[in-house]
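>>> Okay, predicted coordinates and the sequence, questions at the end:
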Amino acid sequence: MAAKASISEECIDMTTPWNEYLSAKYKRSFAYQTVRNRLPVTVTQVVDHLSRTKEEIAQSYGEDAQEEVKQVIGYLSRLKNEMQTNKPLTPLSEDYVDVELWNNFLKKAEQEKGRPLLWFADEWLHIECYLYRRIKEGFLQTRLLREYDPFRHQKEDAFTGSLQAVSVVGNHLLELSKSKEADLERTILQFLKLSLWGNRCDLSISGGKDIAQVENPLDMVSKLDDLILANDLEKVWAAMNSVSSKSQTIDIIFDNSGYELFTDLCLAHLLIEFKLADKVRFHAKRVPWFISDVMEHDFNWILQEMENKSTVPCLPELSSKWKGFVNSGRWTFNAEPFWTLPYSYDKMKEIDSKLYESLGESKLLIFKGDLNYRKLVCEMNWYHTEEFAVALRGFQPAPLVTLRTVKADVVVGLRAGQAEEIAEIDSDWLLTGKYAVVSYSS
Ligand SMILES: O=P(O)(O)OC[C@@]1(O)O[C@H](CO)[C@@H](O)[C@@H]1O
Ligand SMILES: [Mn+2]
């Protein structure tokens, strides 16, 4: 019998062809680098964190948790091995709310392909989401650690490390909301940009290192306009400023915790204070996701942490204001299971028609970050000049915009020749978060 080919032989030595789904099967792609190198590191970091903190965990969760930590470590080591040896993606086997949805997805994919999904053969989006869901499964198989979030400490450090920038933005926000002369449009555009560039600070791209916002963000955003490759900010302003007969609800589909979350909440604050919306609905993740994504605990934590930070006086004041928005129902927090399924958003109507309809009540949907963008454009290697509206493939429950710094090799909505010009000066332009896109579709 011939020896089993190594991963490197199973994959094709080429870049992703145009109009194909991104996949680790293309060796000269970011998807390959991610599945081959970056995701195993993420799993190893979780294992290291658990080994280092097992005593602390036992103190908080009870003595039996020590054994469970060992169990999770064993589970994660097997998971990493499955990935690195290109094993089939196996069904989930616990009782969590989304298990049936996930297993239906896996079964249908297997029927369509005539074989189970494989780590180095199939759509990158599906593979990467599956990894994070499997990490969750490791914890769900325990009794005491079901809700344990292995990335929580990193998310908290990311906020604490950005306190200086947070304080600059927070003070500026309070001044503006108290001022009678604030120019509404200028202010909103500035805070849209703060929220956009806040997306540079995510932990999954940096392997959990060095992601705090340290520059003065107000100086920074005013200088970065040239790096916004597709810029529909004026259209976003117009959509926000319109009085919709339908509703005055605006939705923010969150991405990362820490500084980015803070900037999103500042924007949401202005939407309410300036009466551009009477309600802002937040959407977040139900399971630990792509390291830094916001979960309910992170949202509550940031409000509490701000309340306690009496050394930065604007923070307790903002916290009390924001808790007021939550208590009066002007801000709502939702964590629908759909956001942690593997589907691109063109499938939402079929898979979760309730969510699709509910988003349809919105005046504007603001999608934050890179992964939301990958899901919006169905993670296909479109020509960079393809229209954003085409790449959405019919996903349009309401007017929507994406505020995304570019951290994966898919981008649409550029003018002819633009991608080539940038590639000439910066060969890594798609991967570092240096550039951004603000694409709007109604
Ligand atoms: O959605 P986010 O937080 O902006 O980015 C998520 C992300 O870091 O994860 C992927 C790589 O693992 C990249 O596509 C992307 O940059
Ligand atoms: Mn993220």
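Here it is on my side, so go on. Ligands and ions are numbered 1, 2, ... in the order given.

>>> Give me the below-cutoff pLDDT ranges for the stretch 251-400 of the chain.
The stretch 251-400 of the chain contains no residues with pLDDT under 70.

>>> From L117, how far out is the residue sitting nearest the centre point of the chain?
What sits nearest the mean C-alpha location of the chain, by CA atoms, centre = their mean, is D255, with 3.4 Å. Distance from D255 to L117, counting by CB to CB, to the nearest Å: 25 Å. Bear in mind the C-beta positions are built from the backbone N, C-alpha and C, glycine included.

>>> My guess is the residue nearest to the centre of the chain contacts K375. True?
No. With contact defined as CB atoms under 8 Å, D255 does not count as touching K375 (11.3 Å).

>>> thinking again about what came up before, roughly how far does the residue nearest to the centre of the chain sit from V99?
Counting by CB to CB, the gap from D255 to V99 is 25 Å.

>>> for D219, same thing?
In terms of CB to CB, D219 sits 48 Å off from V99.

>>> For the longest helix along the chain, buried residues please.
Scanning the chain for the longest helix, with DSSP state H as the assignment, gives helix 39-61. Burial within helix 39-61, assessed by neighbour count using 16 or more other CB atoms under 10 Å, is assigned to 39-40, 42-43, 45-47, 49-50, 54, 57-58, 61.

>>> And stretch 14-25, by the same measure?
In stretch 14-25, counting by 16+ other CB under 10 Å, buried: T16, Y21, L22, S23, A24, K25.

>>> contacts with ligand 1 among those, please.
Among the buried residues of stretch 14-25, none lies close to ligand 1 by the criterion of CB under 6 Å from any ligand atom.

>>> nearest to S177, of those residues?
Distance to S177, by CB to CB, is smallest for L22 among these, at 41.6 Å.

>>> For that closest one, grab phi and psi.
Per-residue torsions, L22: phi -70, psi 140 (degrees, to the nearest 10).

>>> still on that earlier bit, redo the buried residues of stretch 14-25 as JSON lines? Include secondary structure and pLDDT.
Formatted as JSON lines, those follow (DSSP: H, G, I helix; E, B strand; the rest coil; pLDDT from 0 to 100):
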{"residue": "T16", "secondary structure": "coil", "pLDDT": "97"}
{"residue": "Y21", "secondary structure": "strand", "pLDDT": "98"}
{"residue": "L22", "secondary structure": "coil", "pLDDT": "98"}
{"residue": "S23", "secondary structure": "strand", "pLDDT": "98"}
{"residue": "A24", "secondary structure": "coil", "pLDDT": "98"}
{"residue": "K25", "secondary structure": "coil", "pLDDT": "97"}
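
>>> Please list the residues outside stretch 112-125 that contact it.
Residues outside stretch 112-125 that contact it (CB atoms under 8 Å, 6 or more residues apart in numbering) are 7, 10-11, 21-25, 31-32, 34-36, 82-83, 86-90, 106, 109-110, 126-127, 130, 342, 344, 374-375, 379.
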